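Peer 1: make a model of this:
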Amino acid sequence: MDQTKGRSLPPMTRKNSVRLLAAMLLSLLLLVALHSTAPESFHFDLLRRLLSPKARAPPASSRDAQVILQRVSENGTRPCHNISTEAAYFFGLPMEGNGEEMITLSTEVSHKFWIVSYAADGSRRCHGGDFYEIDLSGHQWKSRPSVTDLGDGSYLVELRVDGEFTGIYTLRAILLYSNFHGMDHSATEWAVDKEVFRLQIHFTSSTGGSTRTTLPLCTSSDFTSKKPWLGKWTRTKFDESCALDEDGRYLCLRDDEQCDESQCSGALERLESNGWVYSAHCKFRIWSTTEAWKCLDGKKLFFWGDSNHRDTIRNLLNLVLGMNEIIEQRSIIINVTNPANPAQNLRVFQIYNGAPDPGKVFLGLRSLDEPAYLELVKKEFFQGGVPDAVILNSGLHDGHAWKIPGSLPQRPRPLHCSGSHCCGRATKHAWSSVTRSPWLEV
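Peer 2: Got it, this is the predicted structure:
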């Protein structure tokens, strides 16, 4: 079970975090827009690749959803399944157990250790399903090391720190849920949220000196690759005395402060994070407002998803493009103009997919059974030409509508486009190609 997703990291406020997320989203949108050499068919081909059965074919690993669902179905079939985790111990590091001495590890090396779950009577848990969140924090580095559920009560943890970031770190393991209860429909009541151990680690250079790793810029291939993203937050430029202002913003670095190119590229201060930046195996470009408008000028962005898209769109418009828009409706169609250059404009379409009526919820894909809603999606998708970028998501609405994965619809009703008023021959062919495949499957 991939447990790398955890709670928000401490050094940034929610406002500052979404500012960076908006910049990251824009990077993705710009990559899609810049690589669209065939505007009328590119997005349909991309949808077909990303949502095709082949693309969704489960990889042969313990992180695969099929393996997890199988383990969930087996939960409760053995006596020890009904025993809750009370304690956890780590094995495989230079100091085993739960001691308080400092551990020394080398940077630039992948380290592995194991967490083993135990019941209150001291017996080892025989099955997986515990959700551990691992937090590795230093003065200039914060990450959530990956955790793999091995299915036998043990969990593999892998951590690595780049050579540039030597120093003292705190490693914490928090048990969020036990016995697969994190997958319950109402998981809050089962939350454990218990720190099971805390370690001090001194990461030292394996070469005797600081080694700087300069990451490559993320490209379109990084967003379509099956390579797992193991991200971290780092900072190389910051103000030790920096504090949040009354608006919840870190405004301490110079307005023209730039990234040092190792972990990011662009205007560092635009993130308002006192130097903290997110990166993975590649780094992100932090776009200036001028650069962002130059790329998105004349573009059409089409969002189809739940109400979380409102935050995404608001952050994109206000934090990246310098607007001051209030986004309240779940379905919106807006045309925005660059306040600094009235000749530049952007069209944004968001069609809510929780229910045909934006005031209702929990229908998900069943919304497509409503003819008027189907017509709305088709109309807005093609209005003024096909989108330059398509952003899809599906939230809890489908989780409520189809509680058993196997009950999800295999082939929704096709949305055929007809007539010269809505699209040309090439666009109609591309649309039909997509709707003949189960592109709306989850």
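Peer 1: drop to CA atoms for contacts and neighbour counts, all remaining ones
Peer 2: Fine.
Peer 1: a strand runs through Lys379, doesn't it?
Peer 2: No - read with DSSP: H, G, I helix; E, B strand; the rest coil, Lys379 is helix and lies in no strand.
Peer 1: number of nearby residues for Arg78?
Peer 2: Neighbours of Arg78 under the rule other CA atoms under 10 Å: 11.
Peer 1: residue contacts, it?
Peer 2: By CA atoms under 8 Å, 6 or more residues apart in numbering, Arg78 lies in contact with nothing.
Peer 1: can you do 10 Å?
Peer 2: Counting by CA atoms under 10 Å, 6 or more residues apart in numbering, Arg78 makes contact with 126-127.
Peer 1: ok, now Ser178?
Peer 2: For Ser178, the contact set (CA under 10 Å, 6+ apart) comprises 83-86, 117, 128-132, 190-193.
Peer 1: among the residues you listed, which are in strands?
Peer 2: Among these, the members found in strands (DSSP state E) are 117, 131-132.
Peer 1: between these, which is nearest Gln329?
Peer 2: Phe131 (35.1 Å; CA to CA).
Peer 1: ranges for the strands of the stretch 101-250 of the chain?
Peer 2: All strands of the stretch 101-250 of the chain, identified by DSSP state E, counting those that start in this stretch, fall at 103-106, 111-118, 131-137, 141-143, 146-149, 154-159, 167-177, 194-204, 232-234.
Peer 1: so how far is the last one off the chain centroid?
Peer 2: Put plainly, it is strand 232-234. 15 Å (CA atoms, centre = their mean, to the nearest Å).
Peer 1: show me the contact partners of the helix or strand immediately after that strand in the chain.
Peer 2: Next along the chain after strand 232-234, taking DSSP states H and E as the criterion, comes strand 264-266. With contact meaning CA under 10 Å, 6+ apart, strand 264-266 is reached by 214-218, 234-235, 256-260, 277-279, 282-288.
Peer 1: closest one to Ser73 among the strands of the stretch 101-250 of the chain?
Peer 2: Closest to Ser73 of the strands of the stretch 101-250 of the chain, according to CA to CA: strand 146-149, at 15.7 Å.
Peer 1: and the average pLDDT for that closest one is what?
Peer 2: The predicted model assigns strand 146-149 a mean pLDDT of 93.
Peer 1: try stretch 204-215
Peer 2: The model assigns stretch 204-215 a mean pLDDT of 80.
Peer 1: just the terminal-to-terminal distance for that stretch.
Peer 2: End-to-end distance of stretch 204-215 (CA to CA, to the nearest Å): 21 Å.
Peer 1: stretch 346-363 now?
Peer 2: First residue to last in stretch 346-363 (CA to CA) measures 30 Å.
Peer 1: now it, how far from the centre of its chain.
Peer 2: On CA atoms, centre = their mean, the centre of stretch 346-363 falls 21 Å from that of its chain.
Peer 1: per-domain residue ranges of this protein.
Peer 2: As recorded under automatic domain parsing, the domains making up the chain are 20-60+288-435, 65-204.
Peer 1: same list (the ones you listed) but as TSV, adding distance to Ser241.
Peer 2: Formatted as TSV, the domains of the chain follow (distance: least, CA to CA, whole Å):
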stretch	distance to Ser241
domain 20-60+288-435	22
domain 65-204	14
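Peer 1: comparing the ones you listed by mean pLDDT, which bottoms out?
Peer 2: Sorting those by mean pLDDT places domain 20-60+288-435 lowest, at a mean of 71.
Peer 1: still on that earlier bit, which of the domains of the chain sits closest to Glu272?
Peer 2: Of all the domains of the chain, domain 20-60+288-435 sits nearest to Glu272, with 8.7 Å by CA to CA.
Peer 1: about what we covered before: closest to Trp304 out of the ones in strands among the contacts of Ser178?
Peer 2: Among the ones in strands among the contacts of Ser178, and counting by CA to CA, the member closest to Trp304 is Phe131, at 30.8 Å.
Peer 1: which residues does that closest one form a beta bridge with?
Peer 2: Tyr177 (DSSP bridges).
Peer 1: show me the strands in the stretch 251-400 of the chain, by range?
Peer 2: 264-266, 277-279, 284-286, 300-305, 332-338, 341-352, 389-392.
Peer 1: out of those strands, nearest to Thr207?
Peer 2: Between Thr207 and these, the shortest separation by CA to CA is 23.7 Å, and it involves strand 277-279.
Peer 1: give the buried residues for that closest one.
Peer 2: Across strand 277-279, burial judged by 16 or more other CA atoms under 10 Å covers 277-279.
Peer 1: same check on stretch 255-271?
Peer 2: Going by neighbour count (16+ other CA under 10 Å), the buried part of stretch 255-271 is 258-259, 261-271.
Peer 1: next: stretch 69-88.
Peer 2: Neighbour-count burial for stretch 69-88, with 16+ other CA under 10 Å as criterion, is recorded at 71-72, 75, 81, 83-88.
Peer 1: out of the domains of the chain, nearest to Glu240?
Peer 2: Among these, domain 65-204 sits nearest to Glu240 (CA to CA), with 10.3 Å.
Peer 1: tell me how far the ends of the closest one are from each other?
Peer 2: Separation of the first and last residues of domain 65-204 by CA to CA is 37 Å.
Peer 1: and for stretch 295-314?
Peer 2: Termini of stretch 295-314 sit 18 Å apart (CA to CA).
Peer 1: what's the distance between Ala191 and Asp245?
Peer 2: Taking CA to CA, one finds Ala191 at 33 Å from Asp245.
Peer 1: rewinding a little: could you dump the contacts of Ser178 into JSON lines with distance to Ser146 added?
Peer 2: JSON lines is the format used below for the contacts of Ser178 (distance: CA to CA, whole Å):
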{"residue": "Ile83", "distance to Ser146": "25"}
{"residue": "Ser84", "distance to Ser146": "23"}
{"residue": "Thr85", "distance to Ser146": "20"}
{"residue": "Glu86", "distance to Ser146": "22"}
{"residue": "Ser117", "distance to Ser146": "17"}
{"residue": "Gly128", "distance to Ser146": "16"}
{"residue": "Gly129", "distance to Ser146": "15"}
{"residue": "Asp130", "distance to Ser146": "14"}
{"residue": "Phe131", "distance to Ser146": "12"}
{"residue": "Tyr132", "distance to Ser146": "10"}
{"residue": "Trp190", "distance to Ser146": "23"}
{"residue": "Ala191", "distance to Ser146": "20"}
{"residue": "Val192", "distance to Ser146": "20"}
{"residue": "Asp193", "distance to Ser146": "18"}
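Peer 1: alright, calling it a day.
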